[in-house]
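> Pasting the sequence and the predicted model now:
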Amino acid sequence: MRILLADAFPATYLAELAERGHDCDYRPETTTDQLADRLTGRAVLVVRSTEVPASVLEAADALRMVIRAGSGTNTIDREAASRLGICVCNVPGRNAIAVAELAFGLLLALDRNICDNVTDLRAGHWDKKRYSRARGILGRRIGVIGLGRIGLAFAERAAAFGTEVYAVAKPDRSPRTLERARTIGVRFVEDLTALAQTCDVLSLHLPATDTTRHLVDADLLAHVRPGTILINTSRGELIDEDALIEAMESKGIRAGLDVFADEPATGTGTIGSRLAKHPGVYGTHHIGASTEQAQQSVAAEVVRMVEAFESGTVLHCVNCNQGVNCDQMRSPRPATHSGDHS
């Protein structure tokens, strides 16, 4: 099949795709504005951070599947893809440990003021008295918001540090999730308000959807304990940033954030976020999934997905229940397009 890989992809797995007979156009520098031209004749698009709006999907003459080489698909216009009969797929779980590691790293950094330690030391300032003050992690009550693969991986690491882990009870959790949560020792509370009132650390592990947008708002923050640490390695849209800044200044809340609402869509750029510049924030550059281990694992699954798709099976489709018939993807695109150029 003819594939456009529009973001970074490990060389080993790029070579494997070629060895399996696929025509790969590797353009890791591709911007959203360049996508439409580069997709001509391509049946599969693989992206990581590059946004894929409706205009790109509508212009693609042969596109049948978009693979997001990660878990979230909020950068892809799923509604347009469904309307056009294009499968949108993700690679769930393969980067869970990497994101969980960063989330816990942010927690440790905040507790011990590691970033400020380093900044002062590099500037030649020695202040052991100031930086000796830290609460510690043992015995903390940590609320995990979202018990998917990443949330559970974070909960495991939190429990290993001797914390009490809490989550919101939900009637639709799978038996497998509940069993894993039981093994970790997760305790359940009734709702988010109770979680905020119970815990002194909150860590977000949810996708960006209409129901999760600004989940952390002024109403929830009103119930958060003074001095609470908030961690977000999922999506910036989950937080009402103005409300968080106000709560940080009035309640001494601190935040470890890997994501921001107005972060650049490209690998480099500028960011004007007030939240990112706040002294109570330890921020990173949306790098949660960007370990070598995670990227190798994701790439291996992308190869498997491409091979399965060529054989007539669609793996990890997130819009099959939105009008896309995955079985029809074995055939060329509808007549409104120029057909499949595999």
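Perfect, thanks for sending it.

> use CA for all of it now, contacts and neighbours both
Fine.

> Only the C-alpha atoms, please, for the helix or strand hosting Asp37, written as CSV.
Assigned by DSSP states H and E, Asp37 belongs to helix 32-38. Below are the C-alpha coordinates for helix 32-38, written out as CSV (Å, rounded to 0.1, in the frame of the first residue of the first chain):
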residue,chain,number,x,y,z
THR,A,32,-0.9,20.5,8.3
ASP,A,33,-0.9,22.9,5.3
GLN,A,34,1.3,20.5,3.3
LEU,A,35,-0.7,17.4,4.0
ALA,A,36,-3.3,17.7,1.3
ASP,A,37,-0.7,17.8,-1.5
ARG,A,38,1.4,15.0,-0.1
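
> After it, which helix or strand is next?
That would be, after helix 32-38 and using DSSP H and E, strand 44-47.

> which strands and helices sit next to that next one?
strand 2-5, strand 65-68 (3 or more CA pairs under 8 Å, 6 or more residues apart in numbering; DSSP states H and E).

> Now do the buried residues in the first one.
Meaning strand 2-5. Arg2, Ile3, Leu4, Leu5 (16 or more other CA atoms under 10 Å).

> again, but for stretch 235-252
235-241, 243-245, 247-248, 251-252.

> try stretch 297-304
Here stretch 297-304 shows Ser297, Val298, Ala299, Ala300, Glu301, Val302, Val303 as buried, counting by 16+ other CA under 10 Å.

> Of those, which is the nearest to Pro264?
Distance to Pro264 across the buried residues of stretch 297-304 (CA to CA) is lowest for Val298, with 22.6 Å.

> any chance you could map the helices in the protein?
Listed in chain order, the helices of the chain (DSSP state H) span 11-19, 32-38, 54-59, 78-84, 96-112, 114-122, 128-131, 149-160, 175-184, 192-198, 218-221, 241-251, 292-310.

> Which residue ranges make up each domain of the chain?
2-92+292-330, 96-283 (automatic domain parsing).

> For Gln328, give me the pLDDT.
For Gln328, the pLDDT comes out at 52.

> circling back to that earlier point, okay if I get the buried residues of strand 2-5 as TSV plus pLDDT?
Shown next, in TSV, are the buried residues of strand 2-5 (pLDDT from 0 to 100):
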residue	pLDDT
Arg2	97
Ile3	98
Leu4	98
Leu5	98
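
> any chance of these in a markdown table, plus distance to Arg42?
Output for the buried residues of strand 2-5, formatted as a markdown table (distance: CA to CA, whole Å):
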| residue | distance to Arg42 |
| --- | --- |
| Arg2 | 5 |
| Ile3 | 5 |
| Leu4 | 6 |
| Leu5 | 10 |
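
> biggest separation within those, which pair?
Maximum distance among the buried residues of strand 2-5 (CA to CA): 10.0 Å, for Arg2 and Leu5.

> Mutual contacts of those two, please.
Cys24, Asp25 (CA atoms under 8 Å, 6 or more residues apart in numbering).

> Low-confidence ranges, this protein, go.
In the predicted model of the chain, residues 321-342 satisfy pLDDT under 70.
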